[in-house]
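In: pasting the sequence and the predicted coordinates here, then a few questions.
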Amino acid sequence: MGEDNLAYTSATEMAARIRSGDLTAQEAVEASFDRIRERNDDINAFVTLLEEEAMERAREADEAVAAGEPLGPLHGVPIAVKDLFDFKAGVRNTMGSAPFEEFVPEETATYVRRLEEAGAIVVGKTNTPSFGHKGTTDNLLFGPTSTPFDLDRNAGGSSGGSAAAVADGLVPIAQGSDGGGSVRIPASFSGVYGLKASYGRVAQAIRPDAFLSHTPMIHAGPIARTVEDAALMLDVMAGPDPRDPLSVPDEDPDYRGVVHRGVDGLSIAYSPDFDVFPVDERVRDVVDDAVDAFEDAGATVERVDLGIDADQQDLADIWLRQIAGLYHSAIEGFKDEGMDLLGDHRDEMVPELVDLLEDTRDMSLLEYKRDDHVRTRVYDAVQDVFEQYDLLVTPTLAVPPVENTEGKGGTVGPTEIEGEAVDPLIGWCLTYPINFTGHPAASAPAGLTDDGLPVGMQLIGDRFDDETVLAASGALERANPWHDHYPPR
């Protein structure tokens, strides 16, 4: 079975073929590594490969099929895992940061363990910016990751390596994490589907701070080329964990089933700018056209004002301060292991991350909680939408993929859009307000600009209504298929 025949095969189909004996896990994993060898030098998606371990797992998977053993829903399917806090025990995990170039965790993240228990085979770890601090993927260790649609442009961040790997057919699915849009941002720049489920839906047993992910609300989620693959992956990843005090009870949802449910009678609110963001005209045109697909599928769509009463630059500053609080907690944890990042390793850190940490080092508890008051107003504005509508739709990002900078580590977003100043780390991302709120949200491919660059549409659901997000995503995929848009290589 050649690599070309498998590069864009879905995880759902691949798993079914492995179960039926039409395809072996070894063939699937070999094809993944063949594709990685062919394409990774160009897109820079993978930073660590696990070829020997993965092939051994594939052999074991094939033996299980031959023996008639019970098989998991992802049995034999190759996947990628992000190189941030998404640990796999015994495997190097750099977090995109030079001080961690040789760091090897002893524990496996809850959701990574669940993916492996479902039969998925991890072929490697994917590139991310240092500590995931910005919406582009570039760092001093490995440099930028490119979108396959234009190798001079960035794949988005912070799960950029995972999104690029999926978009370019290196793996059918990949894991990402999302603290300000880090699944949805690269999904938009790389032309794939990325899902951030409701906060707490995917458990994260984090130590030494079990409450680390609560602000901004950190999620782990699937990145895929099809909505069904993302739903399959979420089926595996979701569920509570007694070691995660913030995980929510399992309500036994039917994620895969709702993908085909349709949107007939659904009421959709459409905000082309989330009230406060300047949006590039090219993006606005693509999303305006794509929204019509919902009406063609039987939904009603109305443009809305959310009533957000804050400046977008102020909101970006709040996100940066709140994510810095998370970083400070993590850094304190690493001090317990003898690593002082702002002391001995300061010169190895990305300058803008050091500046952010220094600027917030002495932030008072009062200042921190004052930001939560603004965050609450954003939450109320979003939640008020669902008093009348079933879904909120916006562009995912305000711009198409941005150009990579020369060298390593310097790629960021724009500083100005349509004449309005924005923060280059996060201010062009219409994603982070939904990390303030914890609502489920996805980025689905909306189409391409006139020069062939991908644009994402953000679909936001009511609290814990992940099923409607998936149902609407599936309807969009059927009405406006994106699978033939990937660059032929």
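Out: Arrived safely, thanks for sending. Numbers count the residues shown, from 1 in each chain.

In: show the contacting residues for the closest residue in space to residue 218 that isn't next to it in sequence.
Out: Nearest residue to residue 218 in three dimensions, chain neighbours excluded: residue 179, at 4.5 Å (C-beta to C-beta, 6 or more residues apart in numbering). Bear in mind the C-beta positions are built from the backbone N, C-alpha and C, glycine included. For residue 179, the contact set (C-beta atoms under 8 Å, 6 or more residues apart in numbering) comprises 132, 158, 213, 216-219, 323, 326, 435.

In: residue 170 against residue 36, yeah?
Out: Yes - look at residue 170 against residue 36 with C-beta atoms under 8 Å: they come within range, at 5.1 Å.

In: who has more neighbours, these two?
Out: Between residue 170 and residue 36, counting by other C-beta atoms under 10 Å, residue 170 is the more crowded of the two (31 against 25).

In: what's the spacing between the more buried one and residue 441?
Out: 25 Å (C-beta to C-beta, to the nearest Å).

In: repeat for residue 160
Out: Applying C-beta to C-beta to residue 160 and residue 441 gives a distance of 18 Å.

In: more neighbours, the two?
Out: Using other C-beta under 10 Å as the criterion, residue 160 and residue 441 rank with residue 160 on top: 36 against 32.

In: can you tell me the closest non-neighbouring residue to the more buried one?
Out: residue 137 (2.7 Å).

In: right, and the one you found touches residue 147 too?
Out: No - using C-beta under 8 Å, residue 137 is not in contact with residue 147; the gap is 9.8 Å.

In: joint contacts of these two?
Out: 154-156, 164.

In: quick one: which of those sit in helices?
Out: Mapping the shared contacts of residue 137 and residue 147 onto helices (DSSP state H) picks out residue 164.

In: from the shared contacts of residue 137 and residue 147, which is closest to residue 240?
Out: Closest to residue 240 out of those is residue 156 (29.9 Å), distances taken as C-beta to C-beta.

In: how about low-confidence regions in the stretch 351-489 of the chain?
Out: For the stretch 351-489 of the chain, applying pLDDT under 70 flags the ranges 489.

In: and the stretch 101-250 of the chain, by the same measure?
Out: In the stretch 101-250 of the chain (pLDDT under 70), no residue qualifies.

In: run through the helices of it in chain order.
Out: Counting by DSSP state H, counting those that start in this stretch, one finds helices in the stretch 101-250 of the chain at the ranges 110-117, 160-167, 184-190, 227-237.

In: now those as JSON lines including distance to residue 19?
Out: Below are the helices of the stretch 101-250 of the chain laid out as JSON lines (distance: least, C-beta to C-beta, whole Å):
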{"stretch": "helix 110-117", "distance to residue 19": "16"}
{"stretch": "helix 160-167", "distance to residue 19": "22"}
{"stretch": "helix 184-190", "distance to residue 19": "28"}
{"stretch": "helix 227-237", "distance to residue 19": "13"}
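
In: so which of those is nearest residue 13?
Out: Nearest of the helices of the stretch 101-250 of the chain (C-beta to C-beta): helix 227-237, 9.1 Å.

In: run the angle between that closest one and helix 160-167 for me.
Out: 130 degrees (axes from the mean of the first three to the mean of the last three C-alpha atoms, to 10 degrees).

In: please state the offset of helix 227-237 from the chain centre?
Out: Offset of helix 227-237 from its chain centre (C-alpha atoms, centre = their mean, to the nearest Å): 13 Å.

In: could you do stretch 48-63 as well?
Out: On C-alpha atoms, centre = their mean, the centre of stretch 48-63 falls 25 Å from the chain's centre.

In: show me what counts as buried in that stretch.
Out: Buried residues in stretch 48-63, counted by 16 or more other C-beta atoms under 10 Å: 48, 50, 53-55, 57-58, 61-62.

In: do stretch 202-217 as well
Out: So for stretch 202-217, counting by 16+ other C-beta under 10 Å, buried means 202-206, 212-217.

In: how far does that stretch sit from its chain's centre?
Out: Worked out by C-alpha atoms, centre = their mean, stretch 202-217 lies 17 Å from the chain centre.

In: got it, and stretch 248-266?
Out: 20 Å.

In: how close does the residue nearest to residue 160 get to residue 411?
Out: Distance from residue 137 to residue 411, by C-beta to C-beta: 8 Å.

In: buried sites along the top helix by length along the chain?
Out: Longest helix in the chain, counting residues (DSSP H): helix 312-335. Judged by neighbour count using 16+ other C-beta under 10 Å, the buried positions of helix 312-335 are 312, 315-327, 330, 334.

In: one more: stretch 301-308?
Out: For stretch 301-308, by 16+ other C-beta under 10 Å, it's 301, 304, 306, 308.

In: now do the strands in the stretch 201-350 of the chain.
Out: 219-224, 267-270, 300-303 (DSSP state E, counting those that start in this stretch).

In: how about JSON lines for those strands, with distance to residue 282 added?
Out: Formatted as JSON lines, these follow (distance: least, C-beta to C-beta, whole Å):
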{"stretch": "strand 219-224", "distance to residue 282": "24"}
{"stretch": "strand 267-270", "distance to residue 282": "18"}
{"stretch": "strand 300-303", "distance to residue 282": "19"}
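
In: closest one to residue 15 among those?
Out: strand 219-224 (12.6 Å).

In: got the contact list for that closest one?
Out: With C-beta under 8 Å, 6+ apart, strand 219-224 has contacts from 10-11, 86, 109, 111, 159, 162-163, 166, 172-179, 183, 186-187, 192-197, 199, 201-202, 204, 213, 229-230, 233-234, 237, 435.

In: gap between that strand and the chain center?
Out: The mean C-alpha position of strand 219-224 is separated from the chain mean by 5 Å, C-alpha atoms, centre = their mean.

In: what of stretch 176-187?
Out: 3 Å.

In: start and end of that stretch, how far apart?
Out: Using C-alpha to C-alpha, to the nearest Å, the end-to-end distance of stretch 176-187 comes to 10 Å.

In: and if you look at stretch 432-448?
Out: Note: stretch 432-448 ends 23 Å apart using C-alpha to C-alpha.

In: pretty sure residue 61 is touching residue 15, no?
Out: No - assessed by C-beta under 8 Å, residue 61 is found out of contact with residue 15, at 10.6 Å.

In: no further questions, thank you.
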